[in-house]
Structure formats: C-alpha cells, structure tokens
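Peer 1: quick one, fold the following:
(2 chains)
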Amino acid sequence: MKISASDNMLKRFRHEFIILAIIVALSIIIGSINSQFYSIGNIYSLLKSTVIMGLFALGSFLVLVSGDIDISFTAIGAFCMYVTSKLVLLIIPGAGIVVIMLVAGLIGILLGFINAVFISLLKMPGLIVTLGTGSMIRGFLLTFIGVRIINKLPDSMIAFSKITFLHKAQANGHIVGLSIGFVVFIAFAILIYLILKYTVTGRAVYALGGDRVATARVGFNITKVQFFIYGTVGFLSGLAGVTHSSFMRNGNPFDLVGTELSVIAAVVLGGTSITGGKGSVFGAVLGVFLLVLINNSLIMVGIPSYWQRAVVGIIILLSTGSVALQERRSQGV
Amino acid sequence: MEEELVVVENIEKSFPGVRALSDVSISLKKAEIRCLAGENGSGKSTLIKVISGIYKPEKGLITIEGEQYKSLHPIEAIRHGIQVIYQDLSLFPNLTVAENLALNSYLGNNKKFLKWKDVKEIASSALSKINVEIDLNRIVGSLTVADKQLVAISRALLNNAKIVIMDEPTTALTQKEVDSLFKIILNLKEMGISTLFVSHKLREVIEISEEITILRNGRKVAEGSIDQFDEPKIVYHMTGREVGAERYNYVPQGDKPPALSVQNYSSNAHFEDVNFDIHSGEIVGITGLLGSGRTELALSLFGIHQHDSGNVLVDGKEVSINSINDAVNSGIAYVPEDRLSEGLFLQQSIARNTYVSILDRLQNKLGFVDFLKADSTVENWIDNLSIATPSKDIPVSSLSGGNQQRVVLARWLATAAKILILNGPTVGVDIGSKEEIHNKLRDLARDGLAVVIISDDIPEIVQNCNRIFVMHKGKIVERLVGSRTHENEIVAILKKLK
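Peer 2: Prediction:
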C-alpha cells in the first residue's frame, strides 16, 4: 500500500505534466510546419506575451486556491494603470518606474481590500462581490477619471518597455532581446510559490480552500488571510496594468477588461481546482504559457484566429477531463 | 492520587426559546474515561461546547486544574489541554497528513515560516505517540475515515491534551476500527489523559467507559460507575421510558411466490453468485465487514450499479434492472446510507421531498402536477409515519435525524414499493426515534412489505430481522434464523472473518 515518493510526485503533479506535454507537442507540430516558430525573435515575443496574463493569473490562482473566485482584477488593473499614469504626469512626471509600479500596486491593494471587506467581513461569495466591484471600479474610472487615451506616458514607462537582455542576432541580422517584463513575471511567480510553500499564511490559503470551518477551528485568522489574498491580487493587477500600458506605449482605460475569463481559464488549465484547495504556481504558469502559445502561434500554421478559442476550450475539457477520469479510476468507481 | 481535572457545576444555558442545559454538573478525573450519553437534543453538544469555551453559560462555575472560571474562552480551554475531536474531524482534505498534524503547533507557537523537515518530524512524533503508522505524504482526503480519525486524535495530542472530548467518534467506523479506537483510548488513559466519550451506541458505551453521565432534556438524570448500569437501564434514563426489546416474528402466509428472488447474481469484483428469496412480510438483515459487497449488492438491485449476470424476480416475474427507473417500476425502493448527501433535498420542504419520487404518477391529463392529490398523499404519509412537524411545507433540514429518516421512508413508500431496502436505517438516529423507526418497519412488513435491512448495528439486525445473512468478500457466507440467533454469535462470526 505504500506509495513511493516519486510515484507521489507524479500523481500530485499529473496535471502539470500533461500540460507540459501538450506544450511540447504543440511546439513540435507548429515548428515542423513553420520553422519561423523556432526563431529566437518569435520565442522572445511569445515570452513577452505571457507577462500581463501571467501577473493576472498569479493573483487569480491565489483566489481560486482559497476556494473563491475574483473577476474584478482586470478592472483593478485598468484603474491602477490609468490613474497612476495621470497622477504621475500631473505631480511627478520624472518619477522612476519603480515608484510608478509601487503607486499602482498600492492603489491595487486598496481596491483589493474593498473586495476583502465584502468577502471576509460580510461573508459574501467572491463571484458576486467582484462582479459588483469590478463593474463599479470600471464605471468610476470611465465616468470620473477619463475616457481619453493617454498618448504621452511618463518617460520611465516607455523606457521600461525597451529594457531587454540576453541579446541575440537573428538570421536577418536584427538584434533581439528578452523583455524585462518576463523577469518581473517569473520573479513574482517564484515569490508567490515561496510564500505559499514556506509561510504559515501561505498554507492557510490552501487550508481555507480545503475546509473553511476547520481553518477557523484550528485557529487561523481567516479575515487576515483573505485580506492578504485580495490585497495581493490588487497589487499584482496594478503591476500588470502599468506593464501593459508600458508595452502598449499608451494608457487606454478601455483595455484589459474582458480578458478575465481567459486568465481564469489559463489557471484552471494549469490544474488549479475551481472548488479550491488544489493547484500549483508551476501549473498556473504553464497554463498561461499554453494559452499564449495557442493564442499567438496557431495563426503561424494557418489556423484562423476564431478557431483558437475553440482549441482552448477543447484543451481545457480534455486535460481536466483526463485527470478527472484517472482519479475516478483510481478510486475504483 | 485521584485528582479532579475539570469540575463543571450547576451550568445553565438557554437559547432563544429553548433551555438547553439546566443545573448540569459533571466532573472528570485524571485518566478517567467517562461517557456522556443522551439522545439528540439532550444537551450533550451544548455541554461540550461549554467545556471547550465555545458557549458561555448563563450560570455555573467551571474549575479546571484548580482555576475557576464563570465561562471559558476557547483559547483558555486549549491552554488547559481540552481538545475536542468533532464528528466531522475538522481536517483539511487537500493537505498531507504531515501538514494536517503540524499546522496547529505552528499556529500555536505563532511561527510565520515553515520548515518542511520540522513539519515531518512533528507529524511522525505525533503518530508514534499513539503507535500508528500512516504515510505522512498521503493527502488526507484519500484516507479511510478510521485513519482520518487517528490523524485527528494525534493532532489533539500534539497540543498537550489532558482531556480529549470525542463527539460520536464511532459513527462511521466498522467494528474492527472501533476496536482499535478503543485500544487507543485505553492507551491515552495510560498516558494520564482523560477521555469524554460522547455516544449513543450503548454497546460501545458499556465496553469502553468507566463512568457514565446521562442527560435528558438538558438535565442530568443519572450518573455513576458503569458497573451499575446495563443497556436497558441506560436506555430507560436516556428516553425516560421502557423500550421494548421484543424480536420480530414472521408468520409465513400461504404459498405466494417470493416478493424478491435473486438468483446467481454476480457483479465483477463486488459480489458473486448471490442467491436468496424474500417473501412479503419478512424482514431480512444483511451484515458483514466493510467491503463485504453488501452495499454494492443493494445499489445494484436498485439499478445504480450494474450487475454482470444473474436474475432478479419480483413476485415470481423476471425483471431486468438496469436503471433506478427500472427498479422503482418493479417495486423496489432503496433508502441510502447517507441520507443527508444521498437521500434528501435538505433545503426543500417535506412535501416536495416526499412526492418527488411519484411526480410522474401525480400528473393530470394535461401533464401538470395535481397538487391537491400530492398534498393529500404527503399528509397521509406524515400521519402514517408520525413525522413530528408543524407543517409539511417546512424544509427537511429543520427536522431531527429520526424525522428526516422518516421523510426518506415516506418518499419510497409513496411509490407503492413492494420491496424496501434500507442501508444503515438508523445511523445517527437517537434511541427513541430508532425504536419508532423499527416499529414502523415491523408494521410495514406485517402489512405485506418485504424489507431488507443492511446494517453494522448487530442488535438492530438481531431484534428486527427474522432472517440474517452475513456477507463476506461478495458472498453470503452465513444464513441465520433471527429468533434462534444471539448477538454474540454474529459478533463471533464477524471476528472470525477478519
């Protein structure tokens, strides 16, 4: 009856392995049809495309693990991005990128706390609360703060989008580099992983998703944990918002909102349980990679863009379905 | 040497409209095993919650280790070593055994960071305290109930428990698992830890406890050393009346074909070559160890599981059962083991829960439900089964366990079933209601129903069944006549099968 450690690993990360396998298989197929796929320029550009969705996904992952759901993070991201840009232009146009990110993150934390107040203190379901706050934040942004696209961003934001490293020469002689944004994303992924794995608060997030009553009985302060979760979601959303406008080189208040379901899909694709308690940061990151790969690369092999959505849906059903099937079989049902 | 660890005196506790506890006192010595017995609603849970600091009593005094309290705070109770193991165990199904065990001490020591090596060490030392071996890396959700309970007990001990309060710990355990739980409780006693054992399974109460306190309607009605009590006496104090222990007598009626005849019935991996006949008016008991295939057999007769070969005859006519619909139409009804998750729509009314099984028969010509007919059917059954409720329109969740069970019965009896299969019909039902349900089943059998009771509760089976089958590894290994069988015989058979 004893399960060996390696067996256990394989079982516990079964979903992640499946997603990794799909990513590898897709890459081989796409690359064999269009060798452009393997060009360093394309790979760098794919990695850059994961940044915004990735930052959002990390927050969304936290909420899902805790057994709830948040759909307001894109609205928070847009709000932080637009308000921060305006504020900085108005007050300190020369502010550095770190300051800008911190300001956006701070606004995000405050907005996240609004969610936490309703979800934690009034014990309302996250879906309902964030449906409300998301809509409210967006409406507030467009009504009171502005609808005009900011075309001249602070210089440091433009500069940020140009920072690249690991420079390589492409076949056509162009020098390309990997965007700093990707480093930011991966750094936060590692940070979230460490928090979840090695802090008591991080374990409380899993505990909460496993059994709320037991979490309270053991003596966790659920309110504190939830403020941590939604605050972090807000911070990451603020970061994602600023990074997005920096990449786009403008501040468009209509951007981002509408992508929240794709983000949640990516996290679920990565094996995070929608009912809470299960999932890994690694899986969530893989889910984002896979979704970005589908969204950006199927076009390279001539699959029309409308098809991409169908493909995403099919992969979600197949990957989560196969895991569910295996679980059922192992229980002998 | 005998020191009083906890003394609770003259506790009064009321909730809106109910006096839950009046003038209740209880005390617990070091290394004592005391049973707290009482029916549902007698105040057992309230008393536990007063001792563990969750409820604040209006009157009374609690003395723990010499310190006096008007009321306790949960943290104070934990600091004094009072640990409650709730019926639901309060474990995290998604985390590993190691983490479930260690999280508490991390919280208790106010640590912020985890060292996974320490987590494993804390956990393995906790398990070794009660001499059990469970893979620390297993996810708790994948453990058996018994193993989960061991994890919960180990976790309680980690917090320097001096008193372990177990709330109905044996409800979901098989006999073998109960035995090993009792070994652990005795082990705790040797370590100087007291146990307050809450149960209404009398056999267990008598087996394990040294002292007993019995509550009824929020008052203490009896107390003393367990030697002064026997089962009937405990039942008398719990219910306030004599409960009959008369056996069920079946008188064969003519030579009608059997109501249910099962021939060479087999299902891959679950049961094999099962044969039996049941006549109307009979109550047949099926028992066996966990994994004996008895539940699978019932589920398959009700069309939930598939069978591979064999025949089923109802009233002498062959029927083919491949779905629940087939079973219901053939006159077979099944009352599941876990009525809360499998049997009832808890938030829905009694009426809806009852007529849901016969909606198609309540249709009028236009295909709409004839609610007048539905209501009168429901009222009939509420009357017939004496379900205690102010109205048929209140949600089932507000009924007591015994009454909920009766609603499930009503639903299936409404289908005009000829064969009623019940799986653990009185699990979690208190003694008074239990007796009423048994009497009802006897009445129904006398009126011509064929009843099959699947149960772990040996006294229940021996008292109510005129024939008893023991199943093991998917086969009926023993067929006994109820009136000639003593409980101990069956217990002995089951022990041998292990």
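
Peer 1: and for residue 153, the neighbour number?
Peer 2: The chain I'm using is chain A. Here the number of neighbours of A:L153 (other Cβ atoms under 10 Å in any protein chain shown) works out to 23. Any C-beta I mention is one placed from the backbone N, CA and C, and that applies to glycine too.

Peer 1: should've been chain B
Peer 2: Neighbour count of B:I153, defined by other Cβ under 10 Å: 27.

Peer 1: what sits against it?
Peer 2: Neighbouring residues of B:I153 by Cβ atoms under 8 Å, 6 or more residues apart in numbering or on different chains: B:85, B:130, B:164, B:184.

Peer 1: that's a helix at it, yeah?
Peer 2: Yes: judged by DSSP: H, G, I helix; E, B strand; the rest coil, B:I153 forms part of a helix.

Peer 1: coming back round to it: what's the farthest-apart pair in the contacts of B:I153?
Peer 2: Greatest spacing in the contacts of B:I153, by Cβ to Cβ: B:I85 and B:I130 (12.5 Å).

Peer 1: more neighbours: those two, which one.
Peer 2: B:I85 (21 against 16).

Peer 1: how much space between the more buried one and B:I48?
Peer 2: Going from B:I85 to B:I48 by Cβ to Cβ, to the nearest Å gives 10 Å.

Peer 1: now do the phi/psi pair for the closest residue to chain B within chain A.
Peer 2: Residue of chain A nearest chain B, by Cβ to the nearest Cβ: A:G277 (3.4 Å). Phi and psi for A:G277, reported as degrees, to the nearest 10, are phi 90, psi -20.

Peer 1: which of the helices or strands spans the residue of chain B found nearest chain A?
Peer 2: Here the residue of chain B nearest chain A is B:N94; by Cβ to the nearest Cβ that distance is 3.4 Å. In the assignment (DSSP states H and E), B:N94 maps to no helix and no strand.

Peer 1: count the residues that sit near it.
Peer 2: By other Cβ under 10 Å, 23 other residues sit near B:N94.

Peer 1: nearest residue to it in space, ignoring adjacent ones along the chain?
Peer 2: Spatial nearest neighbour of B:N94, excluding adjacent residues (Cβ to Cβ, 6 or more residues apart in numbering or on different chains): A:G277 at 3.4 Å.

Peer 1: what about the one you found, how many residues close to it?
Peer 2: 23.

Peer 1: cool, and A:I175?
Peer 2: 10.

Peer 1: can you give me phi and psi for it?
Peer 2: Torsion angles, degrees, to the nearest 10, at A:I175: phi -90, psi 130.

Peer 1: which parts of the stretch 201-333 of chain A are helices?
Peer 2: Assigned by DSSP state H, counting those that start in this stretch, the helices in the stretch 201-333 of chain A fall at A:212-218, A:222-248, A:260-269, A:281-297, A:305-330.

Peer 1: single out the most deeply packed of those.
Peer 2: helix A:222-248 (a mean of 25; mean count of other Cβ atoms under 10 Å in any protein chain shown).

Peer 1: kindly reformat the helices of the stretch 201-333 of chain A as JSON lines and extend each row with mean pLDDT and distance to chain B.
Peer 2: As requested, those are exported to JSON lines (pLDDT from 0 to 100; distance: least, Cβ to the nearest Cβ, whole Å):
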{"stretch": "helix A:212-218", "mean pLDDT": "84", "distance to chain B": "4"}
{"stretch": "helix A:222-248", "mean pLDDT": "96", "distance to chain B": "12"}
{"stretch": "helix A:260-269", "mean pLDDT": "90", "distance to chain B": "16"}
{"stretch": "helix A:281-297", "mean pLDDT": "92", "distance to chain B": "14"}
{"stretch": "helix A:305-330", "mean pLDDT": "76", "distance to chain B": "9"}
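
Peer 1: out of the contacts of B:I153, name the ones that lie in helices.
Peer 2: Of those, the ones assigned to helices by DSSP state H are B:I184.

Peer 1: of the contacts of B:I153, which is the nearest to B:S386?
Peer 2: Top of the list for closeness to B:S386, among these and by Cβ to Cβ, is B:I85 at 34.9 Å.

Peer 1: tell me where chain B is predicted with low confidence.
Peer 2: Scanning chain B for pLDDT under 70 picks out the ranges B:1-2, B:17, B:242-245, B:338-342.

Peer 1: so which residues on it come close to chain A?
Peer 2: When proximity is defined by Cβ under 8 Å from any Cβ of the partner chain, chain B lies next to chain A at B:86, B:88, B:90-95, B:99, B:103-104, B:106-108, B:111-114, B:116, B:135, B:137-139.

Peer 1: just the buried ones from those residues?
Peer 2: Buried positions within the residues of chain B next to chain A, assessed by neighbour count (16 or more other Cβ atoms under 10 Å in any protein chain shown), are B:86, B:90-95, B:99, B:103-104, B:106-108, B:114, B:135, B:137-139.

Peer 1: I'd like the helices of the stretch 201-333 of chain A laid out as CSV, including distance to A:L89.
Peer 2: Formatted as CSV, the helices of the stretch 201-333 of chain A follow (distance: least, Cβ to Cβ, whole Å):
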stretch, distance to A:L89
helix A:212-218, 44
helix A:222-248, 12
helix A:260-269, 27
helix A:281-297, 31
helix A:305-330, 35
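
Peer 1: what sits against residue 36?
Peer 2: In the absence of a named chain, chain A is used. For A:Q36, the contacting residues are A:42, A:300, by Cβ under 8 Å, 6+ apart.

Peer 1: um, chain B though
Peer 2: Taking Cβ under 8 Å, 6+ apart as the definition, contacts of B:L36 comprise B:26, B:44, B:47-48, B:196-198, B:212-213, B:215.
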